[in-house]
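> Sequence plus the predicted model coming up.
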Amino acid sequence: MLKAIFSSWMIVLVFLLLGCGVKKKSASSEDLRSQCCQECVEAFSKSPVGIGAEGAQCGSFNSAVEISSACQKYFKDNQLMVSECQ
């Protein structure tokens with residue numbers, strides 16, 4: 001009986017640990033999205049692009065302001081328009 005209780009607690013502990021890890025990763029992902037969107041909007045504001053925010057893809061237009069390499073990778077993996085970041 002003691003073995004069964006111990007096993008049950010181990011299963012609960014594993015679920016709790018895995019659940020916390022998912023939330024932390026999701027929060028980290030949201031932080032990166034927020035940071036990269038700020039960089040995108042800033043770069044777009046200094047860009048000579050003659051199209052609106054709806055037609056400009058983050059990381060794909062010329063600007064006097066450079067986007068960090070981490071955000072360049074983010075936008076390569078997650079294609080967002082400037083309008084989605086505003």
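Sure thing, it's come through. Numbering: from 1, shown residues only.

> all contacts plus neighbour counts: C-alpha atoms, from now on.
OK.

> Mind pulling up the pLDDT for Gly50?
Here, the pLDDT recorded for Gly50 equals 86.

> got the contact list for it?
Gly50 makes contact with no residue, according to CA atoms under 8 Å, 6 or more residues apart in numbering.

> just checking, Glu39 touches Ala64?
No: contact criterion CA atoms under 8 Å: Glu39 and Ala64 do not qualify, at 11.9 Å.

> out of those two, which sits in the more crowded spot?
Between Glu39 and Ala64, Glu39 has the larger neighbour count (other CA atoms under 10 Å), namely 21 against 12.

> ok so the more buried one is a strand residue?
No: assignment of Glu39 by DSSP: H, G, I helix; E, B strand; the rest coil gives helix, placing it outside any strand.

> For it, which non-adjacent residue is spatially closest?
Ile67 (6.0 Å; CA to CA, 6 or more residues apart in numbering).

> So the one you found sits against Val41, correct?
No: with contacts counted by CA under 8 Å, Ile67 stays clear of Val41, the gap being 10.1 Å.

> that older thread, could you look up the SS state of the residue nearest to Glu39?
coil.

> For it, give me the pLDDT.
pLDDT, Ile67: 97.

> Give me the neighbour count for it.
Neighbours of Ile67 (other CA under 10 Å): 20.

> Likewise for Ala27?
Neighbour tally, Ala27, other CA under 10 Å: 12.

> go on, Gly59?
Using other CA under 10 Å: Gly59 sits among 26 other residues.

> could you measure it against Ser26, distance?
22 Å (CA to CA, to the nearest Å).

> For stretch 29-40, buried residues please.
Across stretch 29-40, burial judged by 16 or more other CA atoms under 10 Å covers 33, 36-40.

> All the helices of the protein, in order from the start?
For the chain, applying DSSP state H gives helices covering 2-45, 69-77, 82-85.

> Pick out the shakiest of those helices, pLDDT-wise.
Among the helices of the chain, helix 2-45 scores lowest, with a mean of 69.
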